[in-house]
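> okay, predicted coordinates and the sequence, questions at the end:
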Amino acid sequence: MNAPLTPFLDTSDFPDLQALTDGFATQRQASRAQTDVPLAWRRERLTRLLSLIDTHGPALAQAVQADFGVRSEALTEVADFFVLRATIGQLLRQLPKWMKPQRVGTPIYLQPAHAYIQRQPLGVVGVIGPWNYPLQLTLGPLAAAWAAGNRVMMKPSELTPRTSALLAELLHQHFDRADVQVVLGGADVAQAFADLPFDHLFFTGSTLVGRKVAQAAARNLTPTTLELGGKSPCIVDASCDLSEAAVKILHGKLLNGGQTCIAPDYIFVPKGQEAALEQALRAALVRLFGTSPVGHPDYASIATDRHHQRLQTLLDEARSLGAEVRELCEADRGGVSAHPRQFAPVLVLQPPAESRLMQEEIFGPILPVLSYERFEDVVAYINARPRPLALYWFGKDQAACQRVLHHTVSGGVTVNDTLMHIAHKGLPFGGVGDSGWGAYHGEIGFLRFTHQKGVFVQSPWALGHWFYPPYGKRLAQLLSVLRRLM
Ligand code: NAD
């Protein structure tokens, strides 16, 4: 008897649910009808996706800009399209190699058999995306999942409605729904989406929602990748060139208005260097945005009024708990046309550990600064908290750098810069612990969406029958010889 495809979905929840389950059934059928997905199928879809980006990139970037308020098209070009082009280019080049069966050596007691790993598509992959990089974080997983030969259903964020609607329109116009389907809607739709019995569910978003996704997926035994958030520390070592570091720290912090999962969340600075760091950060701000980012077209606004209000609340609470707030520029530009949601960057000196600012991922241009005297205290602070998605270290002292790398655990690390580990196609990108599980990018991303099937091919000259009962002296002698060879 066939089990129902969607056992945990109650179709009375909302009217479009039938369309959702029908869409899933179409993809599942297509994936089961073609388990061996040829290179040409994969390449053709990736190439078409690339040309969709080339043709409709400007319209998509305008949609992102309209959703945010201020989000320059150049930023979307760099942070979304450039990354996507690099990803797809690598997939197209490397696919023939990555798809090949991987020969593995055979231990002496199994010879002369041979064995290999067959790389197969998983089937139907669900992708749930966030709003902050709404194109990179939906189309990137789509490309990797297609490269691995899967069908993909995607639920982009409701907080970038124009972008998500255009994405749905374009993907449905250019591709068959058996290959990709976009499902639009808010948290209720997302919840129903996560209840579908995907062969893999790839989620990018907050740790809070990630927990719900993991629970929903567990009911179907659906494996997940959770790309979550967290508080990524940035350690300034005493051996650091402050003015060089300040530009890189501020660039990482202010990119997309601070709304980047791997933005440096807070800084550790050696005691006594606080004033020098503040001065270097002020100079860095001028270098990046002139007199002020507020009113600058390259400084993204906070995505919604609710998120803007939350940042203000975090700041007010830290101030009320005794932290010193230092404006890095004037929030009121007196006549210069600024978007009301462009949040002026601020430093918050020594915020208390119990403040929301130091408890929650900030996701905005507020930069807490904590002083330290001993390296051990920095490590103890980091290790007492949930494992971060990223960690940054600035300095010249290689031994100190190695100590941090060996004594902390984070999703990824960039030394003497911020963000850059995400851009390296050879590095796995993902979190650990509360910042997520599973990684993607490059071959690791291809394997994330691939079943690695072990295949053992027996030889006609195999001696396997020597291990069969009835057991006796011959087996004992054989085991004694093999024991010496192992
Ligand atoms: P979010 O968790 O609020 O939403 C993400 C997606 O989940 C949206 O599409 C939403 O509709 C959906 N969703 C909401 N409720 C759901 C439910 N019950 N079940 C299934 N899906 C549900 O995150 P956000 O605000 O869009 O994004 C910001 C967060 O994402 C930050 O924490 C940031 O650090 C993180 N993030 C992580 C990465 C990464 O690669 N690790 C990248 C970007 C953003």
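Thanks, I have the structure now.
> residues contacting residue 183?
By Cβ atoms under 8 Å, 6 or more residues apart in numbering, the contact list for residue 183 reads 20, 23, 153, 154, 155, 189, 193. For every residue, glycine as well, the C-beta is placed using N, CA and C.
> can you redo the residues you listed as JSON lines with distance to residue 301 and neighbour count?
Shown next, in JSON lines, are the contacts of residue 183 (distance: Cβ to Cβ, whole Å; neighbours: other Cβ atoms under 10 Å):
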{"residue": "20", "distance to residue 301": "33", "neighbour count": "24"}
{"residue": "23", "distance to residue 301": "34", "neighbour count": "19"}
{"residue": "153", "distance to residue 301": "31", "neighbour count": "25"}
{"residue": "154", "distance to residue 301": "26", "neighbour count": "25"}
{"residue": "155", "distance to residue 301": "24", "neighbour count": "26"}
{"residue": "189", "distance to residue 301": "26", "neighbour count": "18"}
{"residue": "193", "distance to residue 301": "28", "neighbour count": "23"}
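> using JSON lines, lay out those together with pLDDT, secondary structure and distance to the ligand.
Putting those into JSON lines (pLDDT from 0 to 100; DSSP: H, G, I helix; E, B strand; the rest coil; distance: Cβ to the nearest ligand atom, whole Å) gives the following:
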{"residue": "20", "pLDDT": "92", "secondary structure": "helix", "distance to the ligand": "13"}
{"residue": "23", "pLDDT": "94", "secondary structure": "helix", "distance to the ligand": "16"}
{"residue": "153", "pLDDT": "98", "secondary structure": "strand", "distance to the ligand": "13"}
{"residue": "154", "pLDDT": "97", "secondary structure": "strand", "distance to the ligand": "10"}
{"residue": "155", "pLDDT": "97", "secondary structure": "strand", "distance to the ligand": "6"}
{"residue": "189", "pLDDT": "93", "secondary structure": "helix", "distance to the ligand": "7"}
{"residue": "193", "pLDDT": "96", "secondary structure": "helix", "distance to the ligand": "6"}
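> residues contacting whatever residue of the stretch 151-300 of the chain ends up closest to the ligand?
With Cβ to the nearest ligand atom, the shortest gap between the stretch 151-300 of the chain and the ligand falls at residue 229, namely 2.3 Å. For residue 229, the contact set (Cβ under 8 Å, 6+ apart) comprises 205, 206, 207, 261, 361, 363, 389, 435.
> tell me, which of these make contact with the ligand?
By Cβ under 6 Å from any ligand atom, the members of those lying near the ligand are 205, 206, 261, 361, 363, 389.
> related to what we said a few turns ago, and the furthest pair within the contacts of residue 229?
Within these, 363 and 435 form the most distant pair, 13.4 Å apart (Cβ to Cβ).
> neighbour-wise, which of these two wins?
residue 435 (27 against 24; other Cβ atoms under 10 Å).
> residue contacts, the more buried one?
Neighbours of residue 435 in contact, by Cβ under 8 Å, 6+ apart: 207, 228, 229, 230, 386, 387, 388, 389, 410, 411.
> look up how far residue 309 lies from the last one.
To residue 309, residue 411 is 29 Å away according to Cβ to Cβ, to the nearest Å.
> so which of those two has more stuff around it?
residue 411 (27 against 12).
> so which bits of this structure are right by the ligand?
By Cβ under 6 Å from any ligand atom, the residues of the chain that approach the ligand are 128-132, 137, 155, 157-158, 186-187, 190-191, 194, 204-206, 209, 212-213, 227-229, 261, 361, 363, 389, 431, 436.
> these, buried ones only, as a ChimeraX selection?
Buried subset of those, written as a ChimeraX selection, criterion 16 or more other Cβ atoms under 10 Å:
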select :128,129,130,131,132,137,155,157,190,191,194,204,205,206,209,212,213,227,228,229,261,361,363,389,431,436
